[in-house]
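S.K.: okay, predicted coordinates and the sequence, questions at the end:
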Amino acid sequence: MPEDTQTNTPTAVYDAGAIEAKWQEAWDAADLFRARRDESKAKYYVLEMFPYPSGRIHMGHVRNYTMGDVIARYKASAGFSVLHPMGWDAFGMPAENAAMASGGHPKDWTYGNIADMRAQMKPLGLSIDWSREFATCDPEYYGQQQALFLDFMEKGLVYRKNAVVNWDPVDMTVLANEQVIDGKGWRSGAEVERRELTQWFFKISSMAEELLEALGTLDDWPAKVRLMQENWIGKSRGLQMVFPMSEPAHGLDGIEVYTTRPDTLLGASFIAIANDHPLAKALEKDDAKLAAFNAECRKSGTSEAELEKAEKQGYDTGLTVKHPLHEGETLPIWVANFVLMDYGTGAIFGCPAHDQRDLDFARKYDLPVIDTFFAMDDDTAVGTEAFVPPKTEKVRWVDQPAGVEVATGQEAIDATIDWAEARGLGTGKVQFRLRDWGLSRQRYWGCPIPVVHCEDCGVVPEKKENLPVTLPYDEGGKPIDFTVPGNPLDRHPTWRDVPCPSCGKPGKRETDTMDTFVDSSWYFARFTAPRAETPTDMADADYWMNVDQYIGGVEHAILHLLYSRFFSRAMQATGHLPAKCDEPFNALFTQGMVTHEIYQTHDDRGRPVYHLPEDVEVKDGKTVLKDGGQEVEVVPSAKMSKSKKNVVDPVSIVEAFGADTARWFVLSDSPPERDVEWTASGAEAAHRHLARVYRLATDTMAMEDGPGEDDDALLREMHKAIHDVTGGIESFGFNAAIAKLYAFTHTISRSKAGRDAKLQAVKALVQLMSPMTPHLSEELWAMLGAEGVVSRAPWLGAEGLVAQAPWPKADESMLIEDTITMPVQINGKRRAEIHVPREADKAEVEAIAMATDAVQKSLDGATPKKVIVVPGRIVNVVV
RNA sequence: GCGGGCGUGAUGGAAUGGUAGACAUAUCGGACUUAAAAUCCGAAGGGCUUUGUCCCGUGUGGGUUCGAGUCCCACCGCCCGCACCA
């Protein structure tokens, strides 16, 4: 063939850019991805966690949305009516921070970013119904959210109470936990104070039991996520009891404690109360030292991690309680920084021998350590390590209130609760770790809480016909100035000062906005009817809900998913979702991150300087800077982050290789639930493969008709590929499916089969690849002779598009092999391989194995004690 | 600190308790080419005075099993979450 033939034939070169633009236009023209309620079809709702509009998409997004797209496209070919929507989690701090840092308005910043990100996403060729797109900062969306809030309020699912926040006294603002660094405000550097504010709460704890129970029904959720939620909800049964005070003080004659280990009551050596316990607060008024101690404790942030990590500190109040069992003995009352007012009663008894925190505390302040039980075979007294065996382990008790001698911890706990209840010392109580959901945020860029405070009427809900309560854009005729410290809503007279909806007297709008978790707790329901005049449309919700497959990062395993589960129930209770929606997500998949190597050099002071992957090249086996050739240190892969500069921009990858290459690669190298490392060579290899498939298709088309060799073998491989790839997609084994597609491509290339058989195999290959590489597949599908162009809408039965072709089905009879190869082990070590007929029974397989030379040689005359035959799998001879 | 997860060649990884390393990268060799690129074919976990259906090998140390990367226990390392980041 003349050398220039290829370059003169445009179709012979894989031109991703041209192909992708062409088919995206065709899909658009056919309105192919519009979700339609079609009662004659089974529906499938696939959803990826919607993005925060930061302004740039990153590879993590590409991976997340590609996975969802593979499922969506596969399910569409499998005959489902698919809903695959996209929107924007658009409220939140970054917009406000940007406005503070560089002027501008959060609204403009956010909508600008959305436009940018949408433009970056469209070229990926995702089968998304863009007609349903919305942003949570659209008044049409948050207005409906306000309606939900009012309905929740009416149902008693919302209330107000005091709660502590991080207060920055210089910036005059509430700080998020992540904005508190070493106890100081991130911007001002001022020492953060804890401040109590009246805040809004959702009564999620009223559903704790239900949320826990229902985890058992979520069979298609990862077990780890269910376990994390179970531990987070944290149901425990313990004993609530009062320790009478030796002398009543500040109106208290006893301290009420809650313990999950009442069995260790006789190991108690002190009582510890939280800094915010009513007694501690009362005492600090007359005790300057205690006041100072409490003030010091309150300086730390409010996050649990910070409180737990802080050094255990205490202050002896000098007060005592009577020992509940030992007449005449007393226990001291300490204020301790590791006791949380939020959990139980805000007071505990310390049992140092069997709790590490209590032990650390006791050693520090020289309090007694009393062993109450020992291991079955060990009498060693507790030293610096508390003895905390599993509650299921039997131990020997030396001193036990209920008189237990040898029993497990759990048995002793139950016995002690019974014992205490019988004597009126306390009551068994079920307690949850789960706290109510504080939704108030003292910020501008969030959904306004639709209530008005009135001096006469109190807290008055806004009337529904006045919704949405929209955020003001201007202040005094000009866009709000965010460089002024404080909450703009708080200082905005025309927005804030409104008449009471009930009595009409002057009132003040609530200036708190909602936690952004509220926005993301029901967006999946809104997607089923995004333009409805009510939060949802019951008919649409009834058809589309629940989400059949939800995909997102494991970092949302607890909060977002738990809040969404709560919202579904609350929306049901208020008539916004049908009864089947207790659990909104039938199946959950948590995908891993995209990582990249980090390239660093050092400046003259030894501090690291990071370099972008595109500024680095490999020369003579060394990684060097393109500019100057300085060698760089290669740090192992980590999550892509701007600060480490180990980012690869999807836009530039799509420009260089095409969307199909990016899609193929992010799915190929790692199991979806694990991290995938982005490498330039891997991306190039992916692109090479797609070009190879393109060539394979054109070469096969160019073949001359005529008989070939082993057509049947190729077709058998084709059916195996259909079987394996289908199974891979169904089970989220995208990387395994892709490995199979690589292998199948090689099989076709090497096959000497005739044109008909090869064309059939290539068409199957193209179709099996289509969920991952839809544009290439569409191009080749058309080239390979599938009839028609895009001219008819899919619900009218468009044909000719690979996106519309029914998914191929493997012929089971073609999957069966006549002969099976089986390994033979001697004592678990592989020693031989045998070929047996498919239908051979165990005895026959054993006979064939024993008759094999290699087996006899390995046995070396020994007599087998036992022969294990696992049909189709393995033979193990035990001697 | 607490809760959850992960750990396999030089690298990413494959493997319903049943032949460890599929597939891919990097590397090396070969074909094609005047040459290079592209493309195609092939080698490859480590070891060895024994090249053998040999020995060792899935973070470390134990255990269960005819058989363990897979199940159990302990430890080490890394990652995620910890309620106002999204």
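M.R.: All right, it came through fine.
S.K.: for the stretch 151-300 of chain A, which segments count as helices?
M.R.: A:208-213, A:223-233, A:278-283, A:288-298 (DSSP state H, counting those that start in this stretch).
S.K.: deepest-packed of the ones you listed, please.
M.R.: helix A:278-283 (a mean of 20; mean count of other C-beta atoms under 10 Å). From N, CA and C alone the C-beta is placed, and that goes for glycine too.
S.K.: pull the distance from that one to the chain's centre.
M.R.: 41 Å (C-alpha atoms, centre = their mean, to the nearest Å).
S.K.: any buried residues in the longest strand along chain A, and which?
M.R.: Using DSSP state E to define each element, chain A has its longest strand at strand A:235-249. Across strand A:235-249, burial judged by 16 or more other C-beta atoms under 10 Å covers A:Gly238, A:Leu239, A:Gln240, A:Met241, A:Val242, A:Phe243, A:Met245.
S.K.: tell me the contacts of the fifth one?
M.R.: With contact taken as C-beta atoms under 8 Å, 6 or more residues apart in numbering, A:Val242 is in contact with A:Gly254, A:Ile255, A:Glu256, A:Val257, A:Gly426.
S.K.: try 6 Å this time
M.R.: A:Gly254, A:Glu256 (C-beta atoms under 6 Å, 6 or more residues apart in numbering).
S.K.: can you read off the pLDDT for it?
M.R.: Note for A:Val242: predicted pLDDT of 93.
S.K.: which parts of the longest helix belonging to chain A are buried?
M.R.: The residue-count maximum for a helix in chain A (DSSP state H) belongs to helix A:680-702. Buried residues in helix A:680-702, counted by 16+ other C-beta under 10 Å: A:680, A:683, A:685-687, A:689-691, A:693-694, A:696-698, A:700-701.
S.K.: near RNA strand B too, which of those?
M.R.: Subset of those in contact with RNA strand B: A:Ala685, A:His689, A:Ala691, counting by C-beta under 7 Å from any atom of the strand.
S.K.: correct me, but the last one touches A:Tyr14?
M.R.: What it means is A:Ala691. Yes - with contact taken as C-beta atoms under 6 Å, A:Ala691 and A:Tyr14 are classed as touching, separated by 4.3 Å.
S.K.: quick one on the thing from earlier: now render the ones next to RNA strand B among the buried residues of helix A:680-702 as CSV, adding distance to A:Gly728.
M.R.: Output for these, formatted as CSV (distance: C-beta to C-beta, whole Å):
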residue, distance to A:Gly728
A:Ala685, 19
A:His689, 16
A:Ala691, 23
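S.K.: tell me which of those residues is nearest to RNA strand B?
M.R.: Using C-beta to the nearest atom of the strand, A:Ala685 comes nearest to RNA strand B of those, at 3.2 Å.
S.K.: just give the nearest non-adjacent residue to the closest one, would you?
M.R.: With sequence-adjacent residues excluded and distances taken as C-beta to C-beta, 6 or more residues apart in numbering, A:Ala685 is closest to A:Phe665, at 8.0 Å.
S.K.: would you say that neighbour is within a helix?
M.R.: Yes - A:Phe665: assigned to a helix according to DSSP: H, G, I helix; E, B strand; the rest coil.
S.K.: now do the contacts for it.
M.R.: By C-beta under 6 Å, 6+ apart, the neighbours of A:Phe665 are A:Gly682, A:Ala683, A:Ala686.
S.K.: closest to RNA strand B among those residues?
M.R.: A:Gly682 (5.3 Å).
S.K.: what does the stretch 301-450 of chain A have sitting close to RNA strand B?
M.R.: Residues of the stretch 301-450 of chain A lying near RNA strand B (C-beta under 7 Å from any atom of the strand): A:302-305, A:308-309, A:356-357, A:433-435, A:437-438, A:440-442.
S.K.: ok, A:Trp664 touching A:His687?
M.R.: No - A:Trp664 lies out of contact with A:His687 (C-beta under 6 Å); the separation is 8.3 Å.
S.K.: re earlier: RNA strand B: which of the buried residues of strand A:235-249 is nearest?
M.R.: A:Gly238 (15.7 Å).
S.K.: list the contacts of the closest one.
M.R.: By C-beta under 6 Å, 6+ apart, the neighbours of A:Gly238 are A:Tyr258, A:Thr259, A:Thr260.
S.K.: partners of the first one in the sheet?
M.R.: With DSSP bridges applied, A:Tyr258 shows beta-bridge pairing to A:Gln240.
S.K.: and if you look at A:Lys639?
M.R.: The partner residues for A:Lys639, given DSSP bridges, come to A:Thr595.
S.K.: now swap in A:Gln549 and tell me
M.R.: So, taking DSSP bridges as the rule, A:Gln549 has A:Val46 as bridge partners.
S.K.: how many other residues sit next to it?
M.R.: 22 (other C-beta atoms under 10 Å).
S.K.: now the contacts of A:Phe665 as CSV including pLDDT?
M.R.: CSV is the format used below for these (pLDDT from 0 to 100):
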residue, pLDDT
A:Gly682, 85
A:Ala683, 88
A:Ala686, 92
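S.K.: which one among those residues gets closest to A:Lys463?
M.R.: A:Ala683 (56.2 Å; C-beta to C-beta).
S.K.: the closest one and A:Thr511, how far apart?
M.R.: As judged by C-beta to C-beta, to the nearest Å, A:Ala683 and A:Thr511 stand 49 Å apart.
S.K.: ok, is stretch A:97-109 in contact with RNA strand B or not?
M.R.: No - with C-beta under 7 Å from any atom of the strand as the criterion, RNA strand B is not reached by stretch A:97-109; the gap is at least 9.4 Å.
S.K.: quick check: end-to-end length of that stretch?
M.R.: Distance between the two ends of stretch A:97-109: 11 Å, counting by C-alpha to C-alpha, to the nearest Å.
S.K.: what of stretch A:381-389?
M.R.: 14 Å.
S.K.: so what does the helix or strand following the longest helix of chain A touch, helix or strand wise?
M.R.: Per DSSP states H and E, the first helix or strand lying C-terminal to helix A:680-702 is helix A:711-730. Under the contact definition 3 or more C-beta pairs under 6 Å, 6 or more residues apart in numbering; DSSP states H and E, helix A:711-730 sits against helix A:734-750, helix A:755-769.
S.K.: for helix A:711-730, buried residues please.
M.R.: A:711, A:714-726, A:728-729.
S.K.: gap between it and the chain center?
M.R.: Distance, centroid of helix A:711-730 to centroid of chain: 33 Å (C-alpha atoms, centre = their mean).
S.K.: what angle do that helix and helix A:734-750 make?
M.R.: Going by axes from the mean of the first three to the mean of the last three C-alpha atoms, to 10 degrees, helix A:711-730 is angled at 160 degrees with respect to helix A:734-750.
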